[in-house]
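> my questions are about this predicted structure, shown below with the sequence.
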Amino acid sequence: MILDKLNKQLIETVQKVADQKSVSIDKKLLSQINFEISDEESHGDYSTSCALKLSKAFNMQPREIAKLLTEGLSLPFIESTSVEGAGFINVFLTREEKIQVLKEVVTQDSKWGKNTKKQGNVLIEFVSSNPTGPLHVGHGRGAVLGMALSNLLENSGYEVTKEYYVNDAGRQISILTSSILIKAHINNFDVEGMYEGDYIYEIAQEFIKEHGKIDINLDLKDFSDDREKKLDQISEYFQKNHKQAWDQANNFSVSEILNVIKEELHSFEIFHDNWFHESSLGSIQDVNSDLSKSLSILEKAGHTFSKDGAVWFKTTDFNDDKDRVLLRENGEPTYYLTDVGYHKNKIDRKYDICINVFGADHHGYIPRLTAAFNVMKNKQQEIEFMLYQLVNLYEGGNKKTMSTRKGDFYSLSELRDELGADAIKFFFLEKKSDHTMDFDINLAKDESKNNPYFYSQYAHVRCCSILAKKSFDSEAEIEGEEIIKNFDIVNKILNFPHLTESYANERSPHSLVHYVKDLSAAFHAFYEQSPVINEDKKIENARLLLTMATKIVLSNSFRLLNVKPLEKM
């Protein structure tokens with residue numbers, strides 16, 4: 001990449017000048033020496049403020065340093081350099097270099113922007129919604145984010161495994177199982193806090209078809225008035241008095257809802273490599289289970305203590321706000337120990353980086369999981385967290401509800417049926433993940449430049465329409481001035497490989513969406529001002545080259561976002 005070559009020579013030049021001046025440059029300062037992609041044509045194709053950063057170390061004025069550095073920049077693709085303002089260095093590329101790279105884009109096609117250098121292996125856990133109901137739009141945002149990040153990392157040379165953690169052994173599954181049994185076998189018996197909705201009724205009816213009906217005598221007078229205690233007591237009643245039906249309903253309901261979740265994710269072209277079940281972590285009584293092994297490691301490391309009959313992990317030693325219980329006084333593992341056991345399993349699978357894509361309501365998990373991970377990990381392993389905020393869904397100014405237990409939520413499938421999966425994915429990725437999203441259904445339906453998804457796809461459609469009439473001729477002459485004057489388009493296309501790699505390293509799929517929007521806007525402006533089909537064949541071929549390269553980069557960008565590029569609208 002051009003930028004890599006420029007940065008390499010810049011650092012070499014800085015070190016050479018430093019040696020001449022008998023100046024020592026520390027590694028931290030040297031790491032800040034680099035060129036950046038220019039936003040404005042007057043600032044060149046690349047610019048750097050490194051002379052200002054070096055001024056103190058060199059004990060020289062920045063402009064003097066900048067002049068010395070420009071003398072060392074002698075790569076064949078540099079047309080010229082300039083020193084501006086307080087000491088900013090601007091670099092301008094030759095038109096021949098720009099034409100050559102644009103031709104390379106056309107040659108590489110779908111491979112343009114893909115890094116073939118191996119970077120390591122990554123596990124990305126995302127979605128991991130409890131299998132207690134269909135996905136709502138909040139889950140959808142996490143799903144879309146995880147898939148796009150996976151694509152970016154794979155494009156940058158990482159080997160990526162996408163994983164869904166199935167919470168099939170917790171309290172919510174017990175409440176779900178009770179809900180199915182009550183709906184299947186008891187008429188007009190409503191319990192506050194149970195799961196409701198058409199999907200619960202449908203699962204219950206299917207359960208009856210497969211396993212038949214049984215007699216259940218359930219009287220609410222036998223249970224606590226406290227809602228949460230009542231829910232737990234009902235679960236205990238079923239497990240004690242109807243064990244076979246309980247096990248059947250548990251397995252059946254989880255399986256049915258997981259099938260619905262998988263089908264919904266697949267309709268969005270979102271696929272996981274692994275579906276890891278919580279129940280596979282084993283029992284705390286089994287010394288060979290992940291639960292027991294993880295607890296043993298924490299105990300041997302000296303980070304646990306006993307209090308009130310329970311076993312605690314001293315997470316306050318790792319910047320958590322309070323210590324966390326691992327084993328309850330009755331010897332049962334907490335949800336936290338289950339999470340620790342799961343991460344022990346990730347560590348044992350030898351991933352270099354484990355990324356958890358969590359809803360923002362899980363921000364409290366970060367210090368406690370990081371603490372356990374760092375105690376259990378091998379030297380080079382890392383854990384990362386990407387948080388995403390809620391989605392507020394609006395239509396006609398009215399906010400949609402997201403409740404799952406009540407059963408009256410606006411599901412992800414309903415939104416897909418109304419808008420199409422690709423439009424939803426584009427909008428979900430448009431904002432930085434840790435920003436709350438107000439999703440306007442009416443805007444997503446709008447067929448104008450106000451709708452960023454529509455306008456971006458329209459740019460690709462325009463490219464396809466032009467190229468269906470006339471093709472770029474790689475052997476014919478090209479008017480170089482056409483390439484130079486379309487700075488915005490050329491600048492973005494040339495730097496696509498570098499930018500996608502930086503978006504991957506920064507874990508920022510939203511940046512790619514903004515890249516697509518900016519390139520689309522630049523192409524629309526070009527299309528309106530510069531008719532591609534032209535009597536002057538050199539001009540025409542130059543514009544066809546720009547159109548072809550734009551189409552390729554937009555297409556590659558859409559695919560990284562997991563969005564299908566349209567050829568017609």
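Cool, the structure landed.
> so which residues of the stretch 401-550 of the chain form strands?
437-440 (DSSP state E, counting those that start in this stretch).
> could you check the pLDDT of K445?
pLDDT for K445: 96.
> now do the nearest residue to it once chain neighbours are set aside: how many residues are near it, please.
With sequence-adjacent residues excluded and distances taken as C-beta to C-beta, 6 or more residues apart in numbering, K445 is closest to L419, at 6.8 Å. Any C-beta I mention is one placed from the backbone N, CA and C, and that applies to glycine too. Residues contacting L419 under the criterion other C-beta atoms under 10 Å number 16.
> ok, L419 to N451 distance?
11 Å (C-beta to C-beta, to the nearest Å).
> what do these two both touch?
A444, K445 (C-beta atoms under 8 Å, 6 or more residues apart in numbering).
> so the residue nearest to K445 makes contact with N442?
No - taking C-beta atoms under 8 Å as the definition, L419 is not a contact partner of N442, at 10.5 Å.
> can I get stretch 186-202 in PDB, CA atoms only?
Only the C-alpha atoms of stretch 186-202 are listed here, as PDB (Å, rounded to 0.1, in the frame of the first residue of the first chain):
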ATOM      1  CA  ILE A 186     -54.000 -25.800  32.200                       C
ATOM      2  CA  ASN A 187     -56.800 -23.600  30.800                       C
ATOM      3  CA  ASN A 188     -57.200 -20.000  31.800                       C
ATOM      4  CA  PHE A 189     -54.400 -20.100  34.300                       C
ATOM      5  CA  ASP A 190     -52.400 -16.800  34.200                       C
ATOM      6  CA  VAL A 191     -49.300 -16.200  36.300                       C
ATOM      7  CA  GLU A 192     -47.600 -12.800  36.300                       C
ATOM      8  CA  GLY A 193     -44.100 -13.000  35.000                       C
ATOM      9  CA  MET A 194     -44.500 -16.100  32.800                       C
ATOM     10  CA  TYR A 195     -43.700 -15.800  29.100                       C
ATOM     11  CA  GLU A 196     -46.700 -14.800  27.000                       C
ATOM     12  CA  GLY A 197     -47.600 -14.200  23.400                       C
ATOM     13  CA  ASP A 198     -48.700 -16.200  20.300                       C
ATOM     14  CA  TYR A 199     -45.300 -18.000  20.000                       C
ATOM     15  CA  ILE A 200     -45.800 -19.500  23.500                       C
ATOM     16  CA  TYR A 201     -49.300 -20.800  22.500                       C
ATOM     17  CA  GLU A 202     -47.900 -22.200  19.300                       C
END
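> ok, and for it, which residues are buried?
Using 16 or more other C-beta atoms under 10 Å as the test for burial, stretch 186-202 gives V191, M194, Y195, E196, G197, Y199, I200.
> can I get those in TSV with distance to S283, pLDDT and secondary structure?
Output for these, formatted as TSV (distance: C-beta to C-beta, whole Å; pLDDT from 0 to 100; DSSP: H, G, I helix; E, B strand; the rest coil):
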residue	distance to S283	pLDDT	secondary structure
V191	29	88	coil
M194	28	92	coil
Y195	27	92	coil
E196	32	88	coil
G197	33	85	coil
Y199	31	91	helix
I200	30	93	helix
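> ok, these vs P509, which is closest?
Y199 (30.4 Å; C-beta to C-beta).
> quick one: that closest one from L181, how far?
15 Å.
> how far does stretch 522-540 sit from the chain's center?
36 Å (C-alpha atoms, centre = their mean, to the nearest Å).
> oops, could you answer that again for stretch 244-254 instead?
34 Å.
> related to what we said a few turns ago, enumerate every residue touching the residue nearest to K445.
By C-beta under 8 Å, 6+ apart, the neighbours of L419 are I441, A444, K445.
> show me this protein divided up by domain.
When the chain is parsed with automatic domain parsing, its domains come out as 2-93, 97-118+448-560, 122-168+265-388, 171-253.
> now the helices for the stretch 251-400 of the chain?
If DSSP state H, counting those that start in this stretch is used as the criterion, the helices of the stretch 251-400 of the chain fall at 290-300, 335-348, 365-376.
> can you add mean pLDDT and mean neighbour count and give those back as TSV?
Shown next, in TSV, are these (pLDDT from 0 to 100; neighbours: other C-beta atoms under 10 Å):
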stretch	mean pLDDT	mean neighbour count
helix 290-300	97	19
helix 335-348	98	21
helix 365-376	97	20
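> so which of the ones you listed gets nearest A245?
Once the helices of the stretch 251-400 of the chain are compared by C-beta to C-beta, helix 335-348 is nearest, at 25.7 Å.
> contact partners of the closest one?
With C-beta under 8 Å, 6+ apart, helix 335-348 has contacts from 123, 165, 169-170, 276, 278, 281-282, 284, 289-291, 293-295, 297-298, 313, 324-327, 333, 354, 365, 368-369, 372-373, 376-378, 381, 383.
> show me the contacts for the closest residue to A549 other than its chain neighbours.
Nearest residue to A549, sequence neighbours excluded (C-beta to C-beta, 6+ apart): V105, at 4.5 Å. The neighbours of V105, taking C-beta under 8 Å, 6+ apart as the test, are W112, I493, F496, M548, A549, I552, V553.
> secondary structure element for V105?
Using DSSP states H and E, V105 sits within helix 95-108.
> roughly how far is that helix from the heart of the chain?
Per C-alpha atoms, centre = their mean, the centroid offset for helix 95-108 relative to its chain is 31 Å.
> show the subsequent helix or strand relative to that helix.
Criterion used, DSSP H and E; the element after helix 95-108 is strand 120-125.
> which strands border that following strand, and is each parallel or antiparallel?
strand 158-166 (parallel), strand 353-359 (parallel) (DSSP bridges).
> export it as CSV, just CAs?
Output of strand 120-125 as CSV, limited to C-alpha atoms (Å, rounded to 0.1, in the frame of the first residue of the first chain):
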residue,chain,number,x,y,z
GLY,A,120,-4.0,-14.6,14.3
ASN,A,121,-7.3,-16.3,15.3
VAL,A,122,-10.3,-14.6,16.9
LEU,A,123,-13.5,-15.9,18.6
ILE,A,124,-16.4,-13.5,18.3
GLU,A,125,-19.4,-14.3,20.5
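> got the buried residues for it?
V122, L123, I124, E125.
> and for G138, the neighbour number?
23.
> quick one: the helices in the stretch 1-150 of the chain?
So, for the stretch 1-150 of the chain - with DSSP H, counting those that start in this stretch - the helices run 2-20, 27-30, 50-58, 62-71, 95-108, 137-155.
> just say which of those is most tucked in.
Highest mean neighbour count of those: helix 137-155, a mean of 24 (counted as mean count of other C-beta atoms under 10 Å).
> could you give the angle of it to strand 158-166?
Angle of helix 137-155 versus strand 158-166, following axes from the mean of the first three to the mean of the last three C-alpha atoms, to 10 degrees, is 160 degrees.
> residues contacting the lowest-mean-pLDDT helix or strand in the chain, please?
Here the helix or strand of the chain ranked lowest by mean pLDDT, DSSP states H and E is strand 398-399, holding a mean of 84. Outside strand 398-399, the residues that touch it by C-beta under 8 Å, 6+ apart are N392, L393.
> same thing with stretch 15-30?
By C-beta under 8 Å, 6+ apart, stretch 15-30 touches I11, V14, K53, L54, A57, F58, N59, M60, I65, L68, L69, G72.
> next, the distance between the ends of it.
Stretch 15-30 has an end-to-end distance of 9 Å (C-alpha to C-alpha, to the nearest Å).
> any regions of the stretch 401-550 of the chain where pLDDT drops low?
401-409 (pLDDT under 70).
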